[in-house]
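Just a sequence and a predicted model for now, questions to come.
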Amino acid sequence: MKTALEQYDPQIYELIKQEATRQSGSIRLIPSENYVSKAVMQASGSCLTNKYAEGYPGRRYYEGQHVTDLIETIATERARRIFKADHANVQPYSGSVANMAAYAALIQPGDTIMGLSLVHGGHLTHGWKVSVTSRFYKSVQYPVSSETGRLDFDHIRELAKKNSPKVIVSGATAYPREIDFEIFGDIAKEVGAYHVSDIAHIAGLVVAGIHKSPVPYADVVSTTTHKTLRGPRGGMLLCKAEHAGNVDKAVFPGLQGGPHMHTLTAIAVAMAEADTPEFVAYAQQIVKNAKALAAKLLEYGFDLVSGGTDNHLILIDLRNKNIPGKKLAKALDRARIVSNYNTVPGDPAPPSNPSGLRIGTPAITTRGMKEPEAEQIATFINTVAENIDNEAVIEQVGKETLLLCSQFPVPEHFIKNDG
Ligand SMILES: *Cc1c(COP(=O)(O)O)cnc(C)c1O
């Protein structure tokens, strides 16, 4: 029997099917991507998409909220519990909006924010020049050390003292090492700044206790829900009790209208999943896989920023291999290995054609791959790099990746892929 979607819109149905096939038939190494469970997918595709729920539980601007109030209360309680936070707001549409809301809750337009530079691993919304965050606020960007690839806290403290930011942002989008949130908290206190910590990438590792949590050391913690946390696409804010009112007001009515209730519902499900021993094992395996992949890449002579990884991601500096990041990313994609080109600290090349490649292990870990497969993937990457202009070899690697994928099925989706 044909599904309603297939009957009504065969063109879009076919494209979704193609994407399902791509997702199951490729090694997905983009560190911000994952596969949600069937339960999360069902909640996300539920009738909650039909409901407007502007406001907060018990304080809505429309009627018919007895179910939405219960769901949002459960989601908020689960968030507070798994992150051990005083207060949680589960309404932000995405990580970017969550960051805007964090700033709006704490400071005024024209105040100074200080975050990690995009080309050193920070996020656009940490004050990068093309982001509105650098128009609404004065922005000071700190680098990582070009020699070590690591955060240099003496330098960060010096910059903070010199520029007196009102907000210091910790957290990154391409940083392979554990971040010491406690030091960020100390520096913020020393200069009278608020500490906003953005754990979009590592939230799953934080919940599992594998990465130190910023919650005790930050005024507001911002995260996405769809990266290592493995929920639907969304955002979330956690904060100390004293900021609860301002954070809630910044999200609604400050920046948003009605929350996406279907997403919020699926976030609740993802957080129940995150509160299990299975999730802790998954998070531990993410790091084991990343370390195994990194070790093998080092054996093949790849240069890794900071020399390795403590978390879910690896940043390869390709300059010693003389291959531009984009060229390798595109060749890997033809071999069904999906990554993204990325700047490396001190990159002489522009972000549009940088010298690095960013890879990570959350998605392969979700589909059950372990250290032997991680090492196998390093070998695939090396083979493609060594044969970057040889399409026959790249095609052969593509066949091998497909075979590997077939042994590790992805969570079931309502539109079946073709295998
Ligand atoms: C992914 C990411 C975001 C943005 O999340 P979106 O949901 O894409 O808006 C914000 N901060 C960091 C550090 C991220 O890695």
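Yes, it's here. Numbering: from 1, shown residues only.

export stretch 35-47 as CSV, just CAs?
Backbone C-alpha positions of stretch 35-47 (Å, rounded to 0.1, in the frame of the first residue of the first chain) are rendered in CSV as follows:
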residue,chain,number,x,y,z
TYR,A,35,20.6,9.4,13.5
VAL,A,36,17.7,9.9,15.9
SER,A,37,15.8,6.8,17.1
LYS,A,38,12.5,5.7,15.7
ALA,A,39,10.8,6.9,18.9
VAL,A,40,12.2,10.4,18.5
MET,A,41,11.3,10.4,14.8
GLN,A,42,7.7,9.4,15.7
ALA,A,43,7.3,12.1,18.3
SER,A,44,8.7,14.6,15.9
GLY,A,45,6.3,13.6,13.2
SER,A,46,3.3,13.7,15.5
CYS,A,47,0.1,15.8,15.7
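
And the contacts of that stretch?
With C-beta atoms under 8 Å, 6 or more residues apart in numbering as the test, stretch 35-47 has contacts from 23, 226, 230-232, 262-263, 265-266, 268-270, 273, 363, 366-367, 410-414. For glycine as for every other residue, the C-beta is placed from the backbone atoms N, C-alpha and C.

List the buried residues of it.
For stretch 35-47, the neighbour count (16 or more other C-beta atoms under 10 Å) marks 35-37, 40-41, 43-44 as buried.

With adjacent residues omitted, what lies nearest to the one residue in the stretch 1-150 of the chain that gets nearest to the ligand?
Here the stretch 1-150 of the chain gets closest to the ligand at one residue, residue 95, 2.5 Å apart by C-beta to the nearest ligand atom. Of all residues not flanking residue 95 in the chain, residue 224 sits nearest, at 3.7 Å (C-beta to C-beta, 6 or more residues apart in numbering).

The one you found pairs with what?
Beta bridges link residue 224 to residue 235, judged by DSSP bridges.

Check residue 195 too.
Counting by DSSP bridges, residue 195 is bridged to residue 168.

Hmm, residue 166 and it touching each other?
No. Because the distance of 10.9 Å does not satisfy C-beta atoms under 8 Å, residue 195 is recorded as not touching residue 166.

list the contacts for the residue in the stretch 301-419 of the chain that the ligand sits nearest to?
Nearest to the ligand in the stretch 301-419 of the chain, going by C-beta to the nearest ligand atom, is residue 313, at a distance of 10.1 Å. Counting by C-beta under 8 Å, 6+ apart, residue 313 touches 31, 174-176, 201, 290, 358-361.

which residues does residue 114 contact?
127, 139-142, 159-160, 163, 165, 167-169, 193 are the contacts of residue 114 under C-beta under 8 Å, 6+ apart.

And the furthest pair within the residues you listed?
141 and 193 (14.8 Å; C-beta to C-beta).

So these two - more neighbours on which side?
Neighbour count, other C-beta atoms under 10 Å: between residue 141 and residue 193, residue 193 has more, with 25 against 20.

how near is that one to residue 210?
Distance, residue 193 to residue 210, by C-beta to C-beta, to the nearest Å: 28 Å.

which bits of the stretch 201-350 of the chain sit near the ligand?
Counting by C-beta under 6 Å from any ligand atom, the stretch 201-350 of the chain comes close to the ligand at 201, 224, 235.

what do you get if the cut-off is 8 Å, keeping everything else the same?
201, 222, 224, 226-227, 233-235 (C-beta under 8 Å from any ligand atom).

Residue 346: which of the residues you listed is nearest?
Using C-beta to C-beta, those come closest to residue 346 at residue 201, 21.4 Å.

any idea how far residue 172 is from that closest one?
7 Å.

do the same with residue 225
Distance of residue 225 to residue 172, computed by C-beta to C-beta: 18 Å.

Tell me which of the two has more neighbours.
residue 225 (30 against 26).

Make sure the more buried one is actually in contact with residue 269.
No. Residue 225 is beyond contact range of residue 269, at 10.7 Å (criterion: C-beta under 8 Å).

so what sits against both of these two?
The contact sets of residue 225 and residue 269 overlap at residue 231 (C-beta under 8 Å, 6+ apart).

Show the end-to-end separation of stretch 342-350, please.
Counting by C-alpha to C-alpha, to the nearest Å, you get 10 Å between the two ends of stretch 342-350.

Go through it and flag the buried ones.
For stretch 342-350, burial by neighbour count (16+ other C-beta under 10 Å) applies to 342-347, 349.

Show me the contact partners of it.
When contacts are defined by C-beta under 8 Å, 6+ apart, stretch 342-350 is touched by residues 118-121, 143-146, 149, 174, 305, 315, 317, 319, 324-325, 351, 354-358.

buried subset of these?
Buried, going by 16+ other C-beta under 10 Å: 118-121, 143-144, 149, 174, 305, 315, 317, 319, 324-325, 354-358, out of these.

ok, residue 103 - how many residues close by?
Residues within reach of residue 103, counting by other C-beta under 10 Å, total 25.

Identify the residues contacting it.
Residues near residue 103 by C-beta under 8 Å, 6+ apart: 113, 133, 136-137, 167, 196.

Could you look up the SS state of it?
Under DSSP: H, G, I helix; E, B strand; the rest coil, residue 103 falls in the helix class.

So what's the predicted local confidence for it?
Looking at residue 103, its pLDDT stands at 98.

Check the one 4 residues further on too.
Per-residue confidence for residue 107 comes out at a pLDDT of 98.

For the spatially most central residue of the chain, give its distance to residue 248.
When the chain is reduced to its mean C-alpha position, the closest residue under C-alpha atoms, centre = their mean turns out to be residue 201, at 3.2 Å. Per C-beta to C-beta, residue 201 is found 25 Å from residue 248.

OK, contacts around the spatially closest residue to residue 253 that is not a sequence neighbour?
Excluding its sequence neighbours, the residue lying closest to residue 253 (C-beta to C-beta, 6+ apart) is residue 54, at 7.8 Å. For residue 54, the contacting residues are 60-62, 252-253, 257-259, by C-beta under 8 Å, 6+ apart.

can you pick the most crowded of these?
These, ranked by neighbours (other C-beta under 10 Å): first place residue 259, 26 neighbours.
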